[in-house]
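[1] Structure here, sequence nowhere to be found:
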């Protein structure tokens, strides 16, 4: 008798953000974390009305140096954890710090080096979404 091997069970991360209000709060905390470290040209892309979007919001900014990018990323993590008790689902790009992505499931923060931001053009890719430019506090 041949036994079939069982497929490995895929563990799916629990969805931690459950409604638009939570997404909006995390969005606001990400913006505050960016502003605290003087992120440049902060933009909030509202994807809630885009069919098959991957998140509710993308928040995008840039910085001039890798050190500045890392400081912004750390500030975002601290702000969201302090106010929401949420840790990121995933963080990408910390090894080279040219573009750090911080994923909170329904809200994703993108911190770019200026050249990478221009090259990838996330705002252009999601041009049908509502895009809000955030005024700097400094």
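    Nice, thanks for sending it over. None of the values given here were measured: they were computed from a predicted structure.

[2] burial of residue 40, as a residue count?
    The criterion is other CB atoms under 10 Å. On that basis, residue 40 has 15 neighbouring residues. Backbone N, C-alpha and C define where each C-beta goes, glycine included.

[3] Enumerate every residue touching it.
    Listed by CB atoms under 8 Å, 6 or more residues apart in numbering, the contact partners of residue 40 are 61, 62, 63, 64, 114, 136.

[4] Repeat the analysis, applying 10 Å as the threshold.
    Applying CB atoms under 10 Å, 6 or more residues apart in numbering to residue 40 gives the contacts 34, 61, 62, 63, 64, 68, 72, 112, 114, 117, 136.

[5] Give me the buried positions along the longest helix seen in the chain.
    Using DSSP state H to assign secondary structure, the helix with the most residues in the chain is helix 66-84. Applying a neighbour-count criterion of 16 or more other CB atoms under 10 Å, one finds 68, 69, 70, 71, 72, 73, 75, 76, 77, 79, 80 buried in helix 66-84.

[6] which helices and strands sit right next to the helix or strand just after it?
    Using DSSP states H and E, the helix or strand that follows helix 66-84 towards the C-terminus is strand 90-92. Strand 90-92 sits against helix 66-84, strand 99-103, strand 107-113, with contacts defined as 3 or more CB pairs under 10 Å, 6 or more residues apart in numbering; DSSP states H and E.

[7] Can you name every helix or strand that the helix or strand following the last one contacts?
    Per DSSP H and E, strand 107-113 leads on to helix 114-120 as the next helix or strand towards the C-terminus. Counting by 3+ CB pairs under 10 Å, 6+ apart, the packing neighbours recorded for helix 114-120 are strand 40-46, strand 57-63, strand 99-103, strand 107-113.
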